[in-house]
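Engineer: got a predicted structure plus its sequence, pasted below:
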Amino acid sequence: MASLQDIKGRIRSIDSTKKITSAMNLVATSKLNKSKEAALRTRPFFNKILSTMQSIAQNAKGQGSPFLKPNGSDVKAFITLASDKGLCGGYNANICKLTMSHIEDAAKSHLVVVGKKGIDQFKSRGYEVAKEVVDISEEPTYRDAKEIADYITDKFLKGEIGEVYLSYTNFKSTIQQEPEMVRLLPLDINNIETKTESESSQPSDLLIYEPSPEAVLGYVIPRYVADVIYGALCEASASENGARMTAMDSATENAQEIMDKLSIQYNRARQAAITQELTEIVAGAGALK
């Protein structure tokens with residue numbers, strides 16, 4: 001049995017850990033509220049640009065836009081949104097596993113990874129990361145999303161990559177986050193969900209595009225890619241803070257449970273020590289008679 005000093009040392013150590021996890025839980029909760037609001041703000045704008053682009057694409061018929069057809073390259077690009085910090089449960093492992101499960105040939109894959117933990121996950125498994133983006137996972141901006149979008153669309157237009165996929169964690173609720181993957185390029189207009197007529201500001205057949213629907217579509221699709229990436233960054237940020245809050249809450253509860261067990265063990269050891277001392281005193285007193 002461990003000594004009283006050993007048990008007291010473990011209790012102090014776990015109590016210190018509990019204070020840290022409790023503080024991190026509070027910080028994650030505060031950040032979650034902010035990131036959740038940002039994620040909810042991006043959804044109406046994203047829905048609007050979806051319906052607008054659907055309307056333009058229907059008029060353009062996909063003609064003259066390189067973003068709507070294959071370019072002949074067999075290289076696939078994967079944009080993975082992970083986090084820069086750990087202690088968020090299986091958040092980083094789950095999103096990286098989703099991307100890895102879709103990589104058929106590492107030599108024909110172009111990896112763009114956001115977050116230090118995601119980069120470490122891929123490199124530790126032998127994958128080469130073509131572009132690393134760090135220090136933006138908790139508070140992403142539209143500029144960050146546009147930089148990634150410009151990089152990936154430029155590679156696509158040059159024919160260096162043939163398909164672009166985006167892996168991110170969709171924020172469902174504080175305790176539920178789901179890893180998802182969507183194809184960004186080449187864009188499949190038929191798979192874009194349209195809004196109902198009541199939500200549309202005006203019928204698509206009354207819209208006039210200058211100089212042409214094809215030219216407008218060529219401008220809107222890169223903007224759409226940036227918007228999708230920004231929306232995914234906001235969703236991932238909220239998911240990261242939600243996962244960290246849940247993980248730290250669970251860690252705090254586990255620490256308290258271990259402390260309770262150690263307290264019982266300490267009390268039993270202390271009682272045994274007192275009983276032994278009393279027994280020795282009684283035995284010594286009896287020997288003097």
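Structural biologist: Noted; the coordinates are in hand.

Engineer: low-confidence stretches in the stretch 51-200 of the chain?
Structural biologist: Using pLDDT under 70 as the threshold, the predicted model of the stretch 51-200 of the chain has low-confidence ranges 51, 53-64, 188-200.

Engineer: that one: strands as residue ranges?
Structural biologist: Taking DSSP state E, counting those that start in this stretch as the criterion, the stretch 51-200 of the chain carries its strands at 76-81, 109-114, 129-133, 163-173, 176-185.

Engineer: angle of the first one against strand 109-114?
Structural biologist: Yep, that's strand 76-81 we're talking about. Calculated by axes from the mean of the first three to the mean of the last three Cα atoms, to 10 degrees, strand 76-81 forms an angle of 10 degrees with strand 109-114.

Engineer: counting by contacts, list what strand 76-81 packs against.
Structural biologist: helix 91-102, strand 109-114, helix 116-124, helix 142-157, strand 163-173, helix 213-288 (3 or more Cβ pairs under 8 Å, 6 or more residues apart in numbering; DSSP states H and E). All C-beta atoms are positioned from the backbone trio N, CA, C, and that covers glycine.

Engineer: any idea how many residues pack against Lys158?
Structural biologist: Lys158 is flanked by 10 other residues according to other Cβ atoms under 10 Å.

Engineer: let me fix that: Ile152
Structural biologist: Ile152: 24 surrounding residues under other Cβ under 10 Å.

Engineer: ok, it touching Lys76?
Structural biologist: No: when contacts are counted by Cβ atoms under 8 Å, Ile152 is not listed as touching Lys76 (11.6 Å).

Engineer: what residues do these two have in common as contacts?
Structural biologist: Common contact partners of Ile152 and Lys76 (Cβ atoms under 8 Å, 6 or more residues apart in numbering): Ile161, Val164.

Engineer: distance of Ala28 relative to Thr275?
Structural biologist: Noted for Ala28: a distance of 46 Å to Thr275, by Cβ to Cβ, to the nearest Å.

Engineer: quick revisit: can you lay out the strands of the stretch 51-200 of the chain as JSON lines showing distance to Ala23 and mean neighbour count?
Structural biologist: Formatted as JSON lines, the entries for the strands of the stretch 51-200 of the chain read as follows, by distance: least, Cβ to Cβ, whole Å; neighbours: other Cβ atoms under 10 Å:
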{"stretch": "strand 76-81", "distance to Ala23": "26", "mean neighbour count": "25"}
{"stretch": "strand 109-114", "distance to Ala23": "26", "mean neighbour count": "24"}
{"stretch": "strand 129-133", "distance to Ala23": "28", "mean neighbour count": "18"}
{"stretch": "strand 163-173", "distance to Ala23": "23", "mean neighbour count": "21"}
{"stretch": "strand 176-185", "distance to Ala23": "22", "mean neighbour count": "18"}
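
Engineer: can you put the ones you listed in CSV and add distance to Ile103?
Structural biologist: Output for those, formatted as CSV (distance: least, Cβ to Cβ, whole Å):
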stretch, distance to Ile103
strand 76-81, 7
strand 109-114, 5
strand 129-133, 12
strand 163-173, 10
strand 176-185, 11
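
Engineer: among those strands, which is nearest Ile11?
Structural biologist: The minimum distance between Ile11 and these falls on strand 176-185, with 33.9 Å, by Cβ to Cβ.

Engineer: what is that closest one packed up against?
Structural biologist: When contacts are defined as 3+ Cβ pairs under 8 Å, 6+ apart, strand 176-185 packs onto helix 91-102, helix 142-157, strand 163-173, helix 213-288.

Engineer: as TSV, these with distance to Ala82 would be great.
Structural biologist: Listed next are these as TSV, based on distance: least, Cβ to Cβ, whole Å:
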stretch	distance to Ala82
helix 91-102	5
helix 142-157	13
strand 163-173	9
helix 213-288	8
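
Engineer: picking that back up, with respect to Gln5, which of the helices and strands packed on strand 76-81 lies nearest?
Structural biologist: Nearest of those (Cβ to Cβ): helix 213-288, 10.2 Å.

Engineer: orientation of that closest one relative to strand 129-133 in degrees?
Structural biologist: Relative orientation of helix 213-288 with respect to strand 129-133: 80 degrees, computed using the same axes, to 10 degrees.

Engineer: what sits against Ala39?
Structural biologist: Residues in contact with Ala39, defined by Cβ under 8 Å, 6+ apart, are Phe171, Gly231, Cys234, Glu235, Ser237, Ala238.
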